[in-house]
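In: Only the shape, not the letters, is given here:
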Ligand SMILES: Nc1ncnc2c1ncn2[C@@H]1O[C@H](COP(=O)(O)OP(=O)(O)OP(=O)(O)O)[C@@H](O)[C@H]1O
């Protein structure tokens with residue numbers, strides 16, 4: 001049954017503090033002076049118009065871009081560990097390998113990102129139960145997004161960076177994403193989520209960040 005409640009799993013407690021963060025893309029300063037702190041179980045909900053820099057902020061946190069100014073400080077991470085090894089970045093691109101079956105796709109990502117719950121369990125959770133044998137290239141856009149979400153489940157990591165996680169999903173998919181996020185936060189995870197759509201996250205510990213239109 002999709003959305004069945006998973007087994008409790010405690011994630012390592014990680015904290016993130018951003019101070020005076022600024023980002024430039026090309027000639028434009030997208031944002032500056034951003035401050036926020038996130039503790040285990042908290043979600044940073046990032047909103048703002050197209051082009052405001054939501055994806056850019058996620059990429060800064062992922063370490064894929066360098067800030068124009070300011071600092072991002074992680075706590076709870078060994079000094080010589082890479083924060084990236086503790087994160088999942090779910091971006092617009094789902095990096096589907098069309099010839100792999102759904103279970104092969106998840107086995108591949110488990111080999112890359114680390115072991116965890118069974119692929120069949122994860123597929124069930126995202127509403128793809130029974131399709132493990134299907135080639136991923138045959139999935140619809142919403143189903144591809146669901147497969148990408150299953151990758152978060154099969155390799156537990158304490159930090160989730162989610163860029164429009166409900167894009168292409170139906171109403172049941174929106175609820176599934178909210179349930180996944182609630183479970184992740186309930187296990188002490190951190191999440192940063194850029195979205196244009198409201199997420200049904202009643203009771204979640206949410207830090208809200210609205211980016212303005214770029215100058
Ligand atoms: N490599 C780049 N060089 C120059 N400008 C860039 C580059 N990448 C992105 N930008 C610009 O940075 C701005 C912010 O992009 P970003 O994707 O962060 O916005 P966003 O808030 O996520 O937008 P959306 O809601 O449309 O997803 C955009 O105007 C974009 O054109």
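Out: Great, that's in hand. What you are looking at is a predicted structure, and each value in this text was computed from that prediction instead of being measured.
In: distance between the ends of stretch 81-89?
Out: With Cα to Cα, to the nearest Å as the measure, stretch 81-89 spans 18 Å from end to end.
In: Residues contacting that stretch, please?
Out: Stretch 81-89 is contacted from outside by 12, 14, 58, 61-64, 74, 77, 113, 151-152, 155, 157-161, 163, using Cβ atoms under 8 Å, 6 or more residues apart in numbering. C-beta coordinates here come from the backbone N, C-alpha and C atoms, glycine included.
In: can you do 10 Å?
Out: By Cβ atoms under 10 Å, 6 or more residues apart in numbering, the residues outside stretch 81-89 that reach it are 11-12, 14, 16, 58-59, 61-64, 72, 74, 76-78, 109, 113-114, 148-149, 151-153, 155-163, 184, 189-192.
In: For PyMOL, write the selection for the buried entries among those residues.
Out: In PyMOL, this line selects whichever of the contacts of stretch 81-89 come out buried by 16 or more other Cβ atoms under 10 Å:
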select buried, resi 11+14+16+58+59+61+62+74+76+77+109+113+148+149+151+152+153+155+156+157+158+159+160+161+162+163+184+189+190+191+192
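In: So which residues of this structure form helices?
Out: Using DSSP state H, the helices assigned to the chain run over residues 54-61, 102-113, 119-125, 141-154, 171-186.
In: Throw those into CSV and include distance to residue 211 and mean pLDDT, thanks.
Out: Below are the helices of the chain laid out as CSV (distance: least, Cβ to Cβ, whole Å; pLDDT from 0 to 100):
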stretch, distance to residue 211, mean pLDDT
helix 54-61, 6, 96
helix 102-113, 29, 95
helix 119-125, 31, 96
helix 141-154, 23, 96
helix 171-186, 20, 95
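In: Export the ones you listed as JSON lines, with columns for distance to the ligand.
Out: Shown next, in JSON lines, are the helices of the chain (distance: least, Cβ to the nearest ligand atom, whole Å):
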{"stretch": "helix 54-61", "distance to the ligand": "3"}
{"stretch": "helix 102-113", "distance to the ligand": "24"}
{"stretch": "helix 119-125", "distance to the ligand": "26"}
{"stretch": "helix 141-154", "distance to the ligand": "15"}
{"stretch": "helix 171-186", "distance to the ligand": "17"}
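In: Nothing else from me, thank you.
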